[in-house]
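Asks: sequence below, structure please.
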Amino acid sequence: MLILFCGSVAWGDSVSNRKDQTVRLGIKTGIHLMYLVTTPFVVEMPGEDWTFGLVYGSGKLELTTTVTSSSSSSTTKEIWDLSTTELTGRYYFGNSFNVPFGIAMYTVHRDDWDYGSVNYELDYSMTQLNIGIGNEWTYDWGGYLGVDWFQGGAKLSDKITVTRKSGTETSASKSQAESKSTDINAFVGVFVMTFGFGF
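Replies: Predicted coordinates for the structure are as follows:
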C-alpha cells in the first residue's frame with residue numbers, strides 16, 4: 001500500500017481524479033495531540049477547486065506519573081477521554097497544493113480529577129478555527145494522500161464544567177478549578193496526514 005501511495009506521487013493528475021470522485025473515506029493522523037489519540041475518520045466530498053468534509057474520532061490518553069521521595073515512590077495513572085469533531089474544507093491552487101481550513105470542536109473528559117483537596121468529574125470543550133498549508137495527491141486507482149505541513153489554530157470559545165465527587169468544596173475552589181480552562185491554548189500540528197480511497 002505504501003508503494004501505491006508514495007510511488008505514484010509524481011504521476012497522478014490530482015485535479016482530474018478529484019473531479020471523478022463523489023465521496024472519499026479516510027483516516028487522519030499526525031503530530032497533533034488530538035489526531036494522535038483519536039485517529040479520526042474522514043468523510044469528504046471532493047471537487048476540482050474545493051473539498052468539504054466531516055471528521056470524527058475518539059480515544060483515550062493514558063498518562064503515568066511517578067512521584068519519588070527519600071523513603072518511597074508512588075505511581076498514578078491518569079486516563080483522559082478525548083474526542084475530535086471537525087467541519088473541514090480545502091481550497092486547491094493547481095494540482096495538489098492547497099489551504100486546509102475548518103471549524104473544530106475538541107472535548108476532554110476525566111472521571112477523576114484532583115484539584116486541591118477536591119475530586120471532580122471534568123468536562124472540557126474547545127471550539128477553534130483551523131488553517132494550514134499542505135499538498136494532497138489523488139491517484140488514478142482511487143487512493144488519496146494529503147499532508148498538511150503545518151496546521152495552526154485560533155481558539156474561538158471554550159467551556160469547562162467540574163462536578164464534585166468527593167472532598168470539601170468552596171465557591172472559591174470551584175471557581176479556581178473552572179478557570180484552568182484559560183490555560184489551554186489552541187491545538188496546532190505538523191505533518192498531519194489524511195489518506196484513504198475515493199469512489
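Asks: from here on, just use CA atoms for contacts and neighbour counts.
Replies: Fine.
Asks: check whether the residue lying farthest from the centre of the chain sits in a helix, strand or coil.
Replies: Centroid-distance maximum for the chain: S71 at 41.2 Å, with Cα atoms, centre = their mean. Following DSSP: H, G, I helix; E, B strand; the rest coil, the label given to S71 is coil.
Asks: next one: the one 10 residues further on
Replies: Classification of D81 by three-state DSSP places it in strand.
Asks: can you pull the contacts of it?
Replies: Residues near D81 by Cα atoms under 8 Å, 6 or more residues apart in numbering: 58-61, 108-110.
Asks: which one of these is nearest T88?
Replies: S58 (17.2 Å; Cα to Cα).
Asks: how about the closest one, what does it touch?
Replies: By Cα under 8 Å, 6+ apart, S58 lies in contact with 37-40, 81-84.
Asks: same thing with S16?
Replies: E48.
Asks: phi and psi next, for it.
Replies: Phi and psi for S16, reported as degrees, to the nearest 10, are phi -60, psi -40.
Asks: same question, the one 4 residues further on
Replies: Taking degrees, to the nearest 10, you get phi -80, psi -10 for the backbone angles of D20.
Asks: buried residues in the lengthiest strand in the chain?
Replies: Among all segments of the chain classified by DSSP state E, the strand with the greatest residue count is strand 143-166. Within strand 143-166, the residues that count as buried by 16 or more other Cα atoms under 10 Å are 143-148, 150-153, 155, 158, 160-162, 164.
Asks: list just the nearest of those to N185.
Replies: K155 (7.0 Å).
Asks: and the strands in this structure?
Replies: Using DSSP E, the strands of the chain run over 24-31, 41-45, 50-68, 73-92, 97-115, 118-138, 143-166, 189-198.
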